[in-house]
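1. could you look at this predicted model? Sequence included:
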Amino acid sequence: MNGHASFGQILAGQKALVTGANSGIGASIARALAEAGASVAINYVSNPEKTETLVAEIHEAGGTAIGVQADVSQEDQVQTMFKEVIDAFGTLDILVNNAGLQRDAYIHDMSIEDWNFVIGVNLTGQFLCAREAVREFMHRKVHRGCSCSAGKIICLSSVHDRIPWAGHSNYAASKGGVMLLMMTLAQELAVHKIRVNSISPGAIKTPINRMAWETPEAEADLLKLIPYGRVGNVEDVAHAAVWLSSDLSDYVTGTTLYIDGGMTLYPGFHEGG
């Protein structure tokens with residue numbers, strides 16, 4: 001894992017599934033969980049060669065990883081994926097609901113297909129994966145010797161669960177839904193020793209948003225929205241995911257970590273308001 005943080009083998013013996021994990025933030029989280037000692041299942045929909053490369057990279061670093069293909073918006077594929085992961089690892093301790101996408105349009109041009117596609121992956125997909133994970137957590141109960149809790153779910157959201165985003169109504173609605181799905185599940189499942197939290201990244205350097213930061217001019221415009229003065233890296237998110245997966249955060253549930261350099265602090269008000 002790139003970056004300066006090291007958690008040692010804090011997740012040794014635990015089993016994790018990261019959805020949408022063969023590139024970008026998901027891939028970085030998979031690497032970080034593996035480096036921290038977890039066995040990691042890397043979910044993907046397409047580009048199996050990227051998944052194979054990531055699995056090989058984790059193996060070469062001394063970790064354990066497998067690839068598992070599924071469209072998280074499809075109930076039957078999610079159920080098959082969880083069966084494959086549990087058959088391979090024996091159980092599951094950590095779910096990172098990372099899979100997400102955009103299909104952008106202003107509301108007057110947005111098709112019902114693009115609305116349903118984004119909601120299906122970004123929100124319904126998190127519900128379907130969380131449901132299967134919870135069934136395993138409740139069946140197994142607290143995994144003695146591995147963790148204080150019966151299971152951990154981390155929902156990847158976005159600063160746009162708080163910040164409106166013109167031209168992205170389907171995406172923003174999906175992320176607002178993730179926020180209350182997470183909080184409701186956290187409230188519902190705490191009695192079962194299952195922790196549910198969210199990570200909401202701001203501007204992170206990933207291939208999907210390369211145009212927003214790859215030139216000095218584009219990055220300068222973006223930095224006007226970021227008080228901390230830099231665009232985030234995927235490792236910033238991965239470090240938070242390891243912490244939320246570990247017993248270091250055992251008293252944390254129903255919480256959203258904004259990994260955004262202060263983007264949610266309304267930086268336009270720095271000069272007044």
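-> Now that the structure is in, tell me what you want to look at. Numbering: from 1, shown residues only.

2. now the helices for the stretch 151-273 of the chain?
-> 169-189, 216-223, 234-245 (DSSP state H, counting those that start in this stretch).

3. ok, the longest strand along the chain: who's next to it in the sheet?
-> Longest strand in the chain by number of residues (criterion: DSSP state E): strand 194-201. Sheet pairing of strand 194-201 (DSSP bridges) gives strand 151-156 (parallel), strand 256-259 (parallel).

4. quick one, which of those strands is packed in tightest?
-> strand 151-156 (a mean of 26; mean count of other Cβ atoms under 10 Å). All C-beta spots, glycine's among them, are computed from the backbone N, C-alpha and C.

5. what about that one, average pLDDT?
-> Strand 151-156 shows a mean pLDDT of 98.

6. also stretch 252-264?
-> Here the average pLDDT along stretch 252-264 is 97.

7. and for stretch 228-236?
-> 95.

8. buried ones in it?
-> Neighbour-count burial for stretch 228-236 flags V231, G232, N233, V234, E235, D236 (criterion: 16 or more other Cβ atoms under 10 Å).

9. once you drop chain neighbours, what's closest to the fourth one?
-> Okay, so that is V234. Nearest residue to V234 in three dimensions, chain neighbours excluded: S28, at 3.6 Å (Cβ to Cβ, 6 or more residues apart in numbering).

10. does the one you found sit in a helix or strand, and which one?
-> Using DSSP states H and E, S28 sits in helix 24-35.

11. which elements pack onto that helix?
-> The contact analysis (3 or more Cβ pairs under 8 Å, 6 or more residues apart in numbering; DSSP states H and E) places helix 24-35 against strand 15-18, strand 39-44, helix 48-60, strand 64-69, strand 94-97, helix 234-245.

12. next, the angle from that helix to strand 39-44.
-> 160 degrees (axes from the mean of the first three to the mean of the last three Cα atoms, to 10 degrees).

13. ok and helix 24-35 relative to strand 64-69, angle-wise?
-> Going by the same axes, to 10 degrees, helix 24-35 makes 150 degrees with strand 64-69.

14. angle of helix 24-35 against helix 48-60?
-> 30 degrees.

15. V85 in helix, strand or coil?
-> helix (DSSP: H, G, I helix; E, B strand; the rest coil).

16. so what's the residue lying closest to I163 once chain neighbours are set aside up against?
-> Of all residues not flanking I163 in the chain, T264 sits nearest, at 6.6 Å (Cβ to Cβ, 6+ apart). Listed by Cβ atoms under 8 Å, 6 or more residues apart in numbering, the contact partners of T264 are V159, R162, I163, G202, Y258.
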